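# Prediction below, plus the sequence it came from.
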Amino acid sequence: MWKFNLVVTLAADGRFRHLLEELSRYGDFRKTEFFGVILGHVADPADFLEKIREKREQQPLAFQDLGRVVPLESCFTFEPETFQDQVREALAPYAEQLNGQRFYVRLERRGFKGRIISPEAERDLDAFLVELVNKGGGSAEVTFDDPDTVLAVETIGARCGIGLLTKGLRKRYVFTRVP
């Protein structure tokens, strides 16, 4: 599997080819089988986000076709039957970081319609992480109202990426939002 560390989506009224051309200056970006979804690999995702922010500040029309960017910390392939277990395994290391945090898990599913149900999976993963934090002697709260952290789970067919979007990251890079 080609290693990617970014999921990029097209703005609602954006031009796909134009966005792909703009992104290609910063790394390896490839279209997917899903409309308006691009996977990317850059050497340093934090540096990439900063370059995009600076470019948009200097030239307001730069990256006007960009919907959102989700930086990913880990990626794996899965089968729908084992998806939930694999995501739990991938999210477990984040439990320590969630201690004392207000958070939620957002699953953006592309593919496997009817086989992976996003709201059910999100509730299960939220409860799983709260339980892990509690077992470790800490506490965490699931909330959608101005959370400290959003754990983004992005599926593109049988590929999945996990990203940690802190409040600071989301404020500095407004294009790192989740739906």
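Good, I have the coordinates.
# So in this protein, which helix runs the longest?
When the chain is parsed with DSSP state H, its longest helix is helix 118-135.
# name the helices or strands packed onto that one?
helix 83-91, helix 95-98, strand 102-108, strand 141-142, strand 149-156 (3 or more CB pairs under 8 Å, 6 or more residues apart in numbering; DSSP states H and E). (Each C-beta comes from the backbone N, C-alpha and C, glycine too.)
# SS state for the residue nearest to Arg30 when sequence neighbours are not counted?
The shortest distance from Arg30 to any non-neighbouring residue, by CB to CB, 6 or more residues apart in numbering, is to Leu39 (5.4 Å). For Leu39, the assignment made with DSSP: H, G, I helix; E, B strand; the rest coil gives strand.
# shouldn't Leu39 be in contact with Val7?
Yes. With contacts counted by CB atoms under 8 Å, Leu39 reaches Val7, the gap being 6.3 Å.
# Need the residues touching each of these two.
Ile156 (CB atoms under 8 Å, 6 or more residues apart in numbering).
# Tell me which residue of this protein is furthest from the middle?
Gly137 (27.6 Å; CA atoms, centre = their mean).
# Look up phi and psi at that residue.
phi 90, psi 10 (degrees, to the nearest 10).
# Thr149 versus that one, what's the distance?
19 Å (CB to CB, to the nearest Å).
# Okay, now the unreliable bits of this structure?
Within the chain, the stretches with pLDDT under 70 are 1.
# care to break it down by domain?
For the chain, automatic domain parsing gives the domain ranges 6-72+170-176, 80-157.
# residues in contact with the closest residue in space to Phe76 that isn't next to it in sequence?
Distance criterion CB to CB, 6+ apart; nearest residue to Phe76, sequence neighbours excluded, is Cys160 at 5.7 Å. Counting by CB under 8 Å, 6+ apart, Cys160 touches Cys75, Phe76, Thr77, Phe78, Phe83, Gln86, Val87, Ala90, Val153, Glu154.
# what about 7 Å?
Cys160 makes contact with Cys75, Phe76, Phe78, Val87, Val153, Glu154, according to CB atoms under 7 Å, 6 or more residues apart in numbering.
# And Gly161, by the same measure?
By CB under 7 Å, 6+ apart, the contact list for Gly161 reads Phe4, Val7, Leu72, Ser74, Cys75, Glu154.
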